[in-house]
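Q: quick one: sequence plus predicted model below, questions after.
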Amino acid sequence: NDHTIPSVVLFWKGWSWKWTLMSLFKTMYWEDAVLDNLGQRDLTSSFDTYKWKKLIVEFAEVITNNTSSDKWILNKLKNIIGAKTITINEKGIQAYQINNIWHFFISSNSDRPIQLDSKDKGNRRFVIIRSMSKLKDWNIINKKIKDKKIVEDYIAWLFKNYSEVLDYKS
């Protein structure tokens, strides 16, 4: 529930592992806890087109290649990523605030997945990861990561071999 965790921006190669990561999260946290493949419309609409009762939220292909629109999208993302509370504005319902517990991901096959501020302003809300190659045997991997037993065993192995992570405060 740490709202200060930056968004992870995954970009470049198609078929690299962006969709695979969302599938893994759906196995780890249950499908209902992951909201994936939101787009530009979900960031530019006056109303929220989704409910925020999720742990993982992914925006895909949000760049417009229009400087004005892309700055608007960046500012909208900056308003929700790292915010302690988020204002929800559903159509036909009075706007309300809820605590921000989400981990945000932005994915794109574009060379420029998001319009960032200049370096002198800083971009503390984003961690950028560029994939350099396609995921080999993605169909086999995707099948395995949907197997809850395989994922449970892997997470147990991680806890056993990296137990110090359990003591981290943030």
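A: Perfect, thanks for sending it.
Q: backbone dihedrals for the closest residue to residue 132 other than its chain neighbours, both of them.
A: Ranked by C-beta to C-beta, 6 or more residues apart in numbering and with sequence neighbours excluded, the top spatial neighbour of residue 132 is residue 13, at 6.5 Å. In this view, the C-beta of every residue, glycine as well, is placed from N, C-alpha and C. In terms of degrees, to the nearest 10, the main-chain angles of residue 13 are phi -60, psi 140.
Q: pretty sure residue 13 is touching residue 138, no?
A: No. The pair residue 13 / residue 138 is not scored as a contact, 11.6 Å apart, by C-beta atoms under 8 Å.
Q: tell me which stretches of the chain form strands.
A: Applying DSSP state E to the chain gives strands spanning 7-12, 34-38, 56-60, 85-88, 96-99, 103-108, 126-131.
Q: what's the third one in contact with?
A: Outside of strand 56-60, the residues within contact range by C-beta atoms under 8 Å, 6 or more residues apart in numbering are 18, 22, 25, 29, 33-39, 42-43, 77, 102-108.
Q: ok, stretch 161-170 next?
A: For stretch 161-170, the external contacting residues (C-beta under 8 Å, 6+ apart) are 2, 4, 158, 159.
Q: quick one: low-confidence parts of the protein?
A: 16 (pLDDT under 70).
Q: what about 80?
A: When residues are selected by pLDDT under 80, those of the chain lie in 1-3, 13-16, 49-53, 118-122, 169-170.
Q: in it, which residue is closest to the centre?
A: By C-alpha atoms, centre = their mean, the mean C-alpha position of the chain lies nearest to residue 105, the distance being 1.6 Å.
Q: residues in contact with it?
A: For residue 105, the contacting residues are 7, 8, 9, 10, 21, 22, 56, 57, 58, 59, by C-beta under 8 Å, 6+ apart.
Q: distance check, it against residue 60.
A: According to C-beta to C-beta, to the nearest Å, residue 105 and residue 60 sit 9 Å apart.
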